[in-house]
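Asks: Structure for this input, please:
(chains A and B)
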Amino acid sequence: MTTPLISGVLAGAILSGTSLLYATLGETIVERAGIVNLGLEGILLIGASTGFATAAATGSAWLGLLVAALAGGLANLLFGWLVVSRRANQLASGLAMMFFGFGLSALVGTPYVGAVIKGLPKWRPAWLAPLPWVRNSTLFNYDLLTWMALPVAVLVWWALFRTRWGLGVRAVGESPAAAFAAGRSPGLLQYQALGAGGVLGGLAGAHLSLSLTLTWAEYMTAGRGFIAIALVIFSKWHPLRAVAGALLFGGAEALQLQLQARGSDFSPFLLEMFPYLLTILVLLAWGGARRLAAPAGLGRTFYGSE
Amino acid sequence: MAETGRLAAPAVRAALRYGAITAVALAAFAAVLLLAGKDPLRAYADTFSYTLANAYGFSELLVRMTPLLLTAVAVALPSRLGLINVGGEGQLYMGAWLASAGALLFPGLPRWQLLPLVALLGFAGGALWAAIPGVLRAARLVNETIATLLLNYVAPLIVSYFIFGPWRDAQGSAYPQSSAFAEAARLPSFFDTRVHGGLFIALGALVAYWLIMEKTRWGVDMRAIGGNPEAARRLGLPVAAWIVIALAIGGGFAGLAGMGEAMGIHGRLRQGLSPGYGFTGFLIAWLAGGRPLGILFMAFLFAIITSAGDTLQITQGLPYSAINLLLAMILFIVLARRPRKAGK
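Replies: Numbering: from 1, shown residues only, chains lettered A, B, ... in the order given. As a prediction, the model looks like this:
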């Protein structure tokens, strides 16, 4: 009885953690460039709805994935136009993006409510199949996005910390004026970071609708975008630490689902609160130390060199 | 006369400006509706005939304005300290929840005792809920924006727990809801409409907000903290205490909005008390720049816009939340209007 619970939670942690990880990685890139996008929740909804609608209309989950990534990227560029080109307040613009995502996803998704789609294909490497505790569980039976989650985290780390581009992005996040003086273009780098972050956010949303639930429902992301923003703080703006954070929170969600499925005496409503309360508790525990790790120019508007 | 003329002119200009912004947003949203294969002119005409064109429609606008005024003040008051309260939605639910607790626990009290008790509990529910992020922020542990946002997802779950569990209506209704409140706990309604006493509470809250901000020492202190917290601290102002108090009072107003919905409209505690009033209140307060008259005007405007959401749902088969797109477009235009200069 206990072994299936543990493996069930573990398998669920990896599945729910996937979308959280993509969202967290996307926001990490954006925040490293000095921009807070509180509208991440909206980006996830746009990814989930456009991906699902495309898959339902064309029958191809892969096409859905592509459209979701593009839609997420475009939505973030729209946000970039506000905060970079028009120098609008980042928090207010982020909340505007949240409303934009609420509305657009409802408009896109509603005709496909109840549609049946073939989700992203899942597979398990053949060499794992002989293990008995693997064969009888959902462990290691994953879709492409889940298999790629760890490599993408490493890729984001490499891009941010081992390339000239990443150095530029981080420089803009710390001090746009210094980056500008060094001959980099802060605005362009911020747009690039936002585009990349939006693509990851779109994929995060698409994983929910194309692999996890295989449905579209309004507000189906249920605050995952905000949890991901908290995870960026938890992981101290570091892509590899984000993996641990996403697993922890994916685990919290999986534990709640496993307990519900097992008919625990606990009210499902109380269990559902767990991830949100855990997020606040984690922010609380890490509250003091995190300020040192934050990009110094986070949330500030760069007014150019004049 | 000259005095009122000077006062009125900026208000008229502001109203015209927001009217123009809304017109542009309406045009953009019409384009989206066209793309979705709907008829925007029909939708706008229907909205007009359901709201402004007849007395009952107008009364429904007042019904909708009631929670919006309160959730807007819930954002505006803490914003004077530079605090961003995006938790109106959760505070609204907790206000409705605690008020319902009072109505269900003391059904035998006479009206003159029960109504004030229920209103007080509604305020307390929202205030206590908002005090959590307030304390966390005052202790410099968790940013209040993210904490208030996250708590929005927790509060409706608490309500659900009670209406599916201990408070579930025993009369065998399939619809999950609490049992009906005693008549003495209901806010009175007027003229055979759904306009209820909550409207006067909301207008009172707006006046109280204006009085506190403009006419009292507290308002001066709060603006001092909002302007420069470090300087305020050195002047000996209790900054941390003010952060908690301002968020709690703001949350209390949002709680009153929830109390009004439960006691004035539904007469029970239900899921889905609010179609996002807390978030819409944030937009209202932000667009109005926290000015009381601006809040009144924007709340009326947004009551019309959110009514359009219902119209879209009923006559065009679109989900209510599609209206969020129109709200977002208004915000986009305001945000993008002109690039801010440094130092502003």
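
Asks: what comes into contact with stretch B:124-131?
Replies: If you take CB atoms under 8 Å, 6 or more residues apart in numbering or on different chains as the criterion, stretch B:124-131 is touched by B:74, B:85, B:87, B:90-92, B:94-99, B:148, B:151, B:155, B:244, B:247-259. (Each C-beta comes from the backbone N, C-alpha and C, glycine too.)

Asks: Now do stretch B:12-19: everything it contacts.
Replies: B:287, B:294, B:297-298, B:301.

Asks: and that stretch, which residues are buried?
Replies: B:14, B:18 (16 or more other CB atoms under 10 Å in any protein chain shown).

Asks: What residues does A:Arg184 make contact with?
Replies: A:168, A:171-172.

Asks: quick one: which of those residues has the most company?
Replies: A:Val172 (29 neighbours; other CB atoms under 10 Å in any protein chain shown).

Asks: elements contacting the host helix or strand of that one?
Replies: In this structure, A:Val172 sits in helix A:164-174 according to DSSP states H and E. In terms of contacts (3 or more CB pairs under 8 Å, 6 or more residues apart in numbering or on different chains; DSSP states H and E), helix A:164-174 is packed against helix A:2-32, helix A:144-161, helix A:176-181, helix A:186-207.

Asks: Switch the contacts of stretch B:12-19 over to TSV; also include neighbour count and pLDDT.
Replies: Formatted as TSV, those follow (neighbours: other CB atoms under 10 Å in any protein chain shown; pLDDT from 0 to 100):
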residue	neighbour count	pLDDT
B:Leu287	22	86
B:Gly294	20	89
B:Phe297	19	90
B:Met298	29	89
B:Leu301	21	88
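
Asks: Switch these over to CSV; also include secondary structure and distance to B:Leu41.
Replies: CSV is the format used below for the contacts of stretch B:12-19 (DSSP: H, G, I helix; E, B strand; the rest coil; distance: CB to CB, whole Å):
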residue, secondary structure, distance to B:Leu41
B:Leu287, helix, 26
B:Gly294, helix, 29
B:Phe297, helix, 25
B:Met298, helix, 25
B:Leu301, helix, 20
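
Asks: List just the nearest of these to chain A.
Replies: For the contacts of stretch B:12-19, the minimum distance to chain A (CB to the nearest CB) is 9.6 Å, reached by B:Leu287.

Asks: I'd say the closest one and B:Ala299 touch.
Replies: No: using CB atoms under 8 Å, B:Leu287 is not in contact with B:Ala299; the gap is 10.3 Å.

Asks: all helices for the stretch 1-150 of chain B, in order.
Replies: With DSSP state H, counting those that start in this stretch as the criterion, the stretch 1-150 of chain B has helices at B:2-35, B:40-51, B:55-79, B:88-105, B:111-138, B:144-164.

Asks: Could you identify which of those is most buried?
Replies: Highest mean neighbour count among the helices of the stretch 1-150 of chain B (mean count of other CB atoms under 10 Å in any protein chain shown): helix B:88-105, with a mean of 28.

Asks: was I right about B:Pro110 contacting B:Ala184?
Replies: Yes: the pair B:Pro110 / B:Ala184 is scored as a contact, 6.4 Å apart, by CB under 8 Å.

Asks: Between these two, point out the one with more neighbours.
Replies: The residue with more neighbours, out of B:Pro110 and B:Ala184, is B:Ala184; 17 against 8, by other CB under 10 Å.

Asks: CA atoms only for stretch B:99-111 - export them in PDB, please.
Replies: C-alpha atoms of stretch B:99-111 as PDB (Å, rounded to 0.1, in the frame of the first residue of the first chain):
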ATOM      1  CA  ALA B  99     -20.700  37.200   8.100                       C
ATOM      2  CA  SER B 100     -22.500  33.900   7.200                       C
ATOM      3  CA  ALA B 101     -21.100  32.300  10.300                       C
ATOM      4  CA  GLY B 102     -22.800  35.100  12.300                       C
ATOM      5  CA  ALA B 103     -26.100  34.800  10.500                       C
ATOM      6  CA  LEU B 104     -26.100  31.000  10.900                       C
ATOM      7  CA  LEU B 105     -25.000  30.900  14.500                       C
ATOM      8  CA  PHE B 106     -27.300  33.600  15.900                       C
ATOM      9  CA  PRO B 107     -30.500  33.300  13.800                       C
ATOM     10  CA  GLY B 108     -32.600  34.200  16.800                       C
ATOM     11  CA  LEU B 109     -31.200  37.700  17.400                       C
ATOM     12  CA  PRO B 110     -33.500  40.700  16.600                       C
ATOM     13  CA  ARG B 111     -32.700  42.500  13.400                       C
END
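
Asks: Identify the residues contacting it?
Replies: B:114, B:117-119, B:121-122, B:125, B:162, B:167, B:178-179, B:181-185, B:255, B:258-259, B:262-263, B:268-269.

Asks: For B:Leu287, see how far away the residue in chain B positioned nearest to chain A is.
Replies: Using CB to the nearest CB, the closest approach of chain B to chain A is made by B:Leu325 at 2.9 Å. Between B:Leu325 and B:Leu287 the computed distance is 16 Å (CB to CB, to the nearest Å).

Asks: Equivalent analysis for A:Lys236, please.
Replies: 35 Å.

Asks: repeat for A:Ala181
Replies: Applying CB to CB to A:Ala181 and B:Leu287 gives a distance of 37 Å.

Asks: got a list of what the spatially closest residue to A:Thr58 that is not a sequence neighbour touches?
Replies: In space, and not counting its chain neighbours, A:Thr58 is closest to A:Gly64: 7.6 Å by CB to CB, 6 or more residues apart in numbering or on different chains. Under the criterion of CB under 8 Å, 6+ apart, the neighbours of A:Gly64 are A:50-55, A:58, A:117, A:206, A:210.

Asks: element containing A:Ala71, please.
Replies: Using DSSP H and E, A:Ala71 falls in helix A:61-80.
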